[in-house]
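Novice: predicted coordinates and the sequence they were generated for:
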Amino acid sequence: MIKSMTGFASGKGEHGPHSWGWELRSVNGKGLDLRLRVPDWLTGLEAALRSDLSKTLGRGNVILSLRLSREESSQDIKLNVPAMEAALDALVAAEAMASKRGLSLAQSKASELLSLKGMIEAGPDVDDAGPLVEFLKSDFSALLSDFLEMRRTEGLALEAIIRDQLESIENLTQRAAAFAEKRRQEMGQALRENLARVLDNSHGADPDRVAQELALISVKADITEEIDRLAAHVSTARGLLQQDGPVGRKLDFLTQEFNREANTLCSKSQNADLTSVGLELKAVIDQMREQVQNVE
């Protein structure tokens, strides 16, 4: 079963004073490109999430965002003790200097000291990071499951489209084979007539040599190998669709081989019907390649 590289999942959660929102999305890419946006103070979380994604995804440009907020309370407010001690020491020194000069300073208020920059600290307690990280890891598992399910669902839709396109290619290949057989008979008769005409006007030319040249022309116009390879590529592609794991790169390479055979068929056709089939083949192959670009 193939999977799509396109996927999206979101989720919300809360634990204690913390609440958060997840968003996980991906689009097609040549390899696996992970971009994670998580708070730096959640030590170890990014590495764990990156590991989970790397184990379950093969290809795609993936963006994971975590928006975390905390409900503030009086327990979150803490006094910066070193800063207060430094401020009090400076205040004592200032009063001593003023006293030596016979000056008296106005009495300072606690509110004035607390209003100084850096005196009050607010925010998440570092001690809470460990349990929160573990809870977020567990919560991420459900998000990842939803994300993978969407990629599987998209993959089923892609598989149905690609199978229809392979069936079209198979039918067109069979039509090309029928036209090629009809053309072979016509070309055989034409070559015999041309050979007789050449021999009648060759005046001493080697009949065997002329026959060899005409045979060579016939071989160069033969498309049997192209038709056989197209049929083989269809079979290979169907086998890849049944495999588990990333097969997008192989399918992409296979579409290039499909296109190469269709181009050769057109160049050798020398027949309006065959050329028409070849152009139809190229159109379907191009459409299939667009779909294959989204396969993991």
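Specialist: That came through, no problem. Bear in mind that the values here come from a model prediction, so they are computed numbers and not experimental data. Numbers count the residues shown, from 1 in each chain.

Novice: helix/strand/coil for K117?
Specialist: Classification of K117 using DSSP: H, G, I helix; E, B strand; the rest coil returns coil.

Novice: which SS class is E23?
Specialist: Put simply, E23 is strand when judged by three-state DSSP.

Novice: how many other residues sit next to it?
Specialist: 15 (other C-beta atoms under 10 Å). Every residue, glycine included, has its C-beta placed from N, CA and C.

Novice: wait, it sits on S10?
Specialist: Yes. Using C-beta atoms under 8 Å, E23 is in contact with S10, at 4.9 Å.

Novice: what secondary structure does the residue lying farthest from the centre of the chain sit in?
Specialist: Distance from the C-alpha centroid of the chain peaks at G102, with 77.4 Å (C-alpha atoms, centre = their mean). At G102, secondary structure determined by three-state DSSP is coil.

Novice: can you pull the pLDDT of it?
Specialist: As predicted, G102 sits at a pLDDT of 82.

Novice: all numbers from here: first residue = 30
Specialist: From this message on, residue numbering opens at 30, which makes the last subject G131.

Novice: distance of it from S305?
Specialist: Using C-beta to C-beta, to the nearest Å, we find G131 at a distance of 111 Å from S305.

Novice: go on, R267?
Specialist: The value you get for R267 to S305, if C-beta to C-beta is used, is 26 Å.

Novice: for F169, what are its contacts?
Specialist: By C-beta atoms under 8 Å, 6 or more residues apart in numbering, the contact set of F169 is W51, L78, D81.

Novice: what average pLDDT does the helix or strand where it lies get?
Specialist: Take DSSP states H and E as the rule and F169 turns out to sit in helix 158-229. Mean pLDDT, helix 158-229: 86.

Novice: same question, stretch 259-276
Specialist: Confidence over stretch 259-276 (mean pLDDT, whole number) is 94.

Novice: how far does it sit from its chain's centre?
Specialist: A distance of 20 Å separates the centroid of the chain from that of stretch 259-276, by C-alpha atoms, centre = their mean, to the nearest Å.

Novice: what does it contact?
Specialist: Identification of contacts with stretch 259-276 by C-beta under 8 Å, 6+ apart yields 30-32, 87-88, 188, 191-192, 195, 198-199, 202, 205, 279-280, 283, 286-287, 290-291, 294, 310, 324-325.

Novice: done for today, thanks.
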